[in-house]
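A.B. asks: show me the folded form of this:
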Amino acid sequence: MNRYTMYLFSVFIALTLFIVGCNSCQSGDRDSDQPDTSTPDTTSVDHQEEKKRELTGEDIQLEKNIRYDKYLLDDEYPYKDTTRHFQWEKIQEQIAVIENAMAEGDTWGILSNYRNMNKEAPTVADFVRNEYGRVSDQFGVERYQSAPLYSVDGDTTLVRYGRDGWIVKLPDNDTTEMVRVKGVSFEGEFLVPNRYLISWHDSVRFDKVVAVDVTNQNISTLEKTGDTWNILSMTHATTGVHNPPYAHETPTGIFAVQEKKEKMLYTRDGTSEIAGFAPYASRFTNGGYVHGVPTQYPNKSIIEYSQTLGTTPRSHMCVRNASSHSKFVFDWATVKQSVVIVID
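C.D. replies: Sure thing, here's the model as predicted:
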């Protein structure tokens with residue numbers, strides 16, 4: 001091969017490499033402009049799923065920041081020949097229910113029929129008559145002092161009763177005679193006559209909790225600051241006992257603090273005679289209050305403590321605690337911002 005032929009061959013090789021290289025670059029440029037279908041971007045999807053994810057009890061952060069330290073109990077403490085404790089996991093689960101309801105938005109509502117002031121509810125079809133001689137639904141909720149809950153299917157069928165003090169959401173913000181509600185203290189959606197509803201606006205924030213344990217006979221208070229629920233008090237309590245015809249157990253569930261009385265008068269069983277008063281009473285359902293040690297007439301002085309606190313249920317439905325603790329609750333727990341959680 002002469003020198004000229006070698007020159008032409010070198011030029012040919014150089015041009016070939018140049019063209020191949022340019023095609024490869026252009027092909028690469030085109031590929032880089034196209035989305036990578038093999039590994040789709042899921043960032044926005046993950047963000048949406050995170051926003052929709054409901055909280056569980058494990059997401060609720062608790063921290064002790066005790067403000068009321070009289071009669072202070074440990075997380076676990078001795079009782080006779082056993083051990084009692086604070087069931088924080090159950091409390092966290094119920095707080096998560098409240099947190100999720102607040103995240104949903106909508107208007108808050110409270111079922112209300114204290115002393116049947118809004119008229120006694122109709123009789124549910126499959127009622128039973130309980131040991132107190134009262135009409136109850138299949139869930140054990142009495143008609144007395146309850147709100148009727150009707151089917152949303154358009155057949156206006158009375159399905160069950162809703163306890164006074166139960167919390168609901170009002171998705172439609174309706175003002176018609178029958179209002180659609182979504183349960184917070186209970187599951188499901190129902191129609192409720194509006195006379196049994198107290199509407200609290202969507203600006204309400206439930207950031208204070210009174211937690212009552214009917215099994216371990218104790219009471220605690222918690223308040224949310226930032227992302228943390230601070231435990232403010234841990235002490236003894238006495239809850240209601242099932243003892244017909246007058247004494248009722250304290251019902252479990254989530255209730256709103258509806259009103260407060262510095263002195264709650266009570267009557268002798270089966271009469272209208274005033275027997276005494278309970279100090280610093282915060283009502284959460286029917287005739288159920290968180291209050292101090294009852295004082296019987298003619299004694300008019302407040303009693304601070306009783307040796308029966310934290311032992312066995314013995315009240316008529318209310319939650320007794322030391323009178324100084326009931327005053328702490330009375331001063332601290334505000335209507336429309338506080339709930340009472342009763343666990344078993």
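A.B. asks: residue nearest the centroid of this protein?
C.D. replies: residue 98 (3.7 Å; C-alpha atoms, centre = their mean).
A.B. asks: give the rounded mean pLDDT of the helix or strand containing that one.
C.D. replies: Element membership for residue 98 (DSSP states H and E) is helix 88-104. Averaging pLDDT along helix 88-104 gives 96.
A.B. asks: in stretch 158-177, what's buried?
C.D. replies: Across stretch 158-177, burial judged by 16 or more other C-beta atoms under 10 Å covers 158-170, 174. Placement of C-beta: from N, CA and C, glycine included.
A.B. asks: including secondary structure, could those go into CSV?
C.D. replies: Formatted as CSV, the buried residues of stretch 158-177 follow (DSSP: H, G, I helix; E, B strand; the rest coil):
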residue, secondary structure
158, strand
159, strand
160, strand
161, strand
162, strand
163, strand
164, coil
165, coil
166, strand
167, strand
168, strand
169, strand
170, strand
174, coil
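A.B. asks: next secondary structure after the helix holding residue 98?
C.D. replies: Sequence order places strand 107-111 as the next helix or strand after helix 88-104, per DSSP H and E.
A.B. asks: what is that following strand packed up against?
C.D. replies: Other helices and strands packing on strand 107-111, by 3 or more C-beta pairs under 8 Å, 6 or more residues apart in numbering; DSSP states H and E, are strand 167-170, strand 197-200.
A.B. asks: so which of those strands comes closest to residue 284?
C.D. replies: Nearest to residue 284 among those is strand 167-170; the distance by C-beta to C-beta comes to 10.6 Å.
A.B. asks: direction included, what does whatever helix or strand comes next after that closest one pair against?
C.D. replies: Tracing the chain past strand 167-170, the next element assigned as helix or strand by DSSP H and E is strand 178-183. Here strand 178-183 is paired, per DSSP bridges, with strand 167-170 (antiparallel), strand 189-193 (antiparallel).
A.B. asks: now the angle from the strand or helix carrying residue 234 to helix 88-104?
C.D. replies: Element membership of residue 234, judged by DSSP H and E, is strand 228-236. Angle of strand 228-236 versus helix 88-104, following axes from the mean of the first three to the mean of the last three C-alpha atoms, to 10 degrees, is 140 degrees.
A.B. asks: for strand 228-236, what is the distance to the chain centroid?
C.D. replies: 16 Å (C-alpha atoms, centre = their mean, to the nearest Å).
A.B. asks: average pLDDT for that strand?
C.D. replies: The average pLDDT within strand 228-236 is 98.
A.B. asks: quick check: next helix or strand after it?
C.D. replies: Next element after strand 228-236 (DSSP H and E): strand 253-256.
A.B. asks: what helix or strand does the residue nearest to residue 99 when sequence neighbours are not counted sit in?
C.D. replies: Once flanking residues are discounted, residue 99 sits nearest to residue 55: 5.1 Å by C-beta to C-beta, 6 or more residues apart in numbering. Taking DSSP H and E as the definition, residue 55 sits outside all helices and strands.
A.B. asks: how close does residue 114 sit to residue 198?
C.D. replies: Computed as C-beta to C-beta, to the nearest Å, the residue 114 to residue 198 distance reads 11 Å.
A.B. asks: same thing with residue 238?
C.D. replies: According to C-beta to C-beta, residue 238 stands 29 Å off from residue 198.
A.B. asks: name the residue in the two with the higher neighbour count.
C.D. replies: Applying other C-beta atoms under 10 Å to residue 238 and residue 198 shows that residue 238 carries more neighbours, namely 24 against 16.
A.B. asks: quickly note the distance from the more buried one to residue 294.
C.D. replies: From residue 238 over to residue 294 (counting by C-beta to C-beta), the distance is 10 Å.
A.B. asks: hey, what's in contact with both of those two?
C.D. replies: residue 320 (C-beta atoms under 8 Å, 6 or more residues apart in numbering).
A.B. asks: could you list the domains of the chain?
C.D. replies: 66-105+204-343, 107-121+147-200 (automatic domain parsing).
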